[in-house]
Each structure stands twice: as C-alpha cells, then as structure tokens.
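Asks: just need the structure, nothing else, for what follows:
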Amino acid sequence: MLELFPMAKISLRRGAAADAEILLEFLRALAEYEHLPITADAETLRRDVFFNKRAEVVFAEIAGQPAGMALFFFTYSTFSGRPILYVEDLFVKKDFRQQGVGRELLRYIARAALEQNCGGLNWSALNWNKPSLAFYKKLGAVHLRDWDRYSLSGEALQGLAG
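Replies: Here you go, the predicted structure:
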C-alpha cells in the first residue's frame, strides 16, 4: 500500500493520445469497483477520446504517481439553452482517496464548465456507492430524485433501429 500524502500537492494534467493505456487502466479499475463489464481497448479510446475528441480526460497525480482521473464531455440543455458538462467517469485509486483528489478533478471540470458558459455539471452515481454519494452531497450536488436513467444497447438497440 502506498503511503498517504496528506500534504502532498495534487498535480492535474489533460490527457493526450499517449495516455490511452493509462486511461484504460483506470477504466478497468473503475469497472471492477462498480462490478461492470468493460469492452473498450486502448486503440478505441485513443481514437475516440483523443483524436475524435468525443470526450476529454484529466489525470491527477500525487508525488508523480497516477492517483485519479475524470472523463467528461459536453451535452446540451434545451431548457436553459446552454451546454452542460457531463462527467462520465470519475475514479480515484484506493490509496489516494480522502486526500482531495476527487475534489480537485471536479474543481477542474467546474472551471472548464464556467469557461464554456455551461449551465452546470451532470453525472450519475450508483445508488449503493455510499462513499461517493456522501462526497457529492458534501460538494453541494443535488440528487435528482424524480429522474430515472435509462439505457438501450445490444439487441434492444438493434431492434429499435430496425
């Protein structure tokens, strides 16, 4: 286990094409934590995230060690007439939790949202992930209780598309 760095400086950097493998490593750890399958590979991430710019990623490091990452992209709110930044993935490695890494990653995205005149930040969280839910509440995030998230993929997506 890594030593905790309570006073260590958190460095943030934007991801680049050379980071596709480290992004995949973080996504595999997140998928394991969330008990979800992952089928992405480094080449797909390199193409879609870094070359086609379908999303942006920021990495956090402490003492030169990869500590966390966040992947986000723009959506649009027709009600406000403004873009929204959607945080698809936020993950901090276990050894670096409780050191402000997640907060710094979200602070970075919040600043990006304000720079782009966004109406806010959105994300989803698993309802059993109590530490994350408490963290989001502490930040001032509001749980949208009246909204349920839906997903259509695989055979159902193929069937609807005809």
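
Asks: OK, contacts around residue 30?
Replies: By CB atoms under 8 Å, 6 or more residues apart in numbering, the contact set of residue 30 is 89, 91. No exception for glycine: its C-beta is placed from N, CA and C like everyone else's.

Asks: any idea where the strands of this structure begin and end?
Replies: 10-14, 56-62, 65-77, 82-92, 121-123 (DSSP state E).

Asks: reformat these as CSV; add mean pLDDT and distance to residue 136.
Replies: What follows is the strands of the chain, written out as CSV (pLDDT from 0 to 100; distance: least, CB to CB, whole Å):
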stretch, mean pLDDT, distance to residue 136
strand 10-14, 97, 19
strand 56-62, 97, 17
strand 65-77, 97, 13
strand 82-92, 97, 10
strand 121-123, 95, 8
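
Asks: deepest of these, which one?
Replies: The highest average neighbour count among the strands of the chain, using mean count of other CB atoms under 10 Å, belongs to strand 56-62 at a mean of 21.

Asks: need the contact partners of it.
Replies: With CB under 8 Å, 6+ apart as the criterion, strand 56-62 contacts 5, 8-15, 19, 22-23, 49, 66-73, 92, 96, 99, 101, 104-105, 108-109, 112.

Asks: need the pLDDT of residue 110.
Replies: Residue 110 carries a pLDDT value of 97.

Asks: residue 39: neighbour count?
Replies: 6 (other CB atoms under 10 Å).

Asks: cool, residue 78 as well?
Replies: So residue 78, with other CB under 10 Å, has 6 neighbours.

Asks: need the phi and psi values for it.
Replies: phi -70, psi -30 (degrees, to the nearest 10).

Asks: do you know how far it is from residue 84?
Replies: Applying CB to CB, to the nearest Å, the value for residue 78 to residue 84 is 10 Å.

Asks: and what of residue 28?
Replies: Taking CB to CB, one finds residue 28 at 27 Å from residue 84.

Asks: now do residue 148
Replies: 18 Å.

Asks: how about residue 41?
Replies: Taking CB to CB as the measure, residue 41 falls 29 Å from residue 84.
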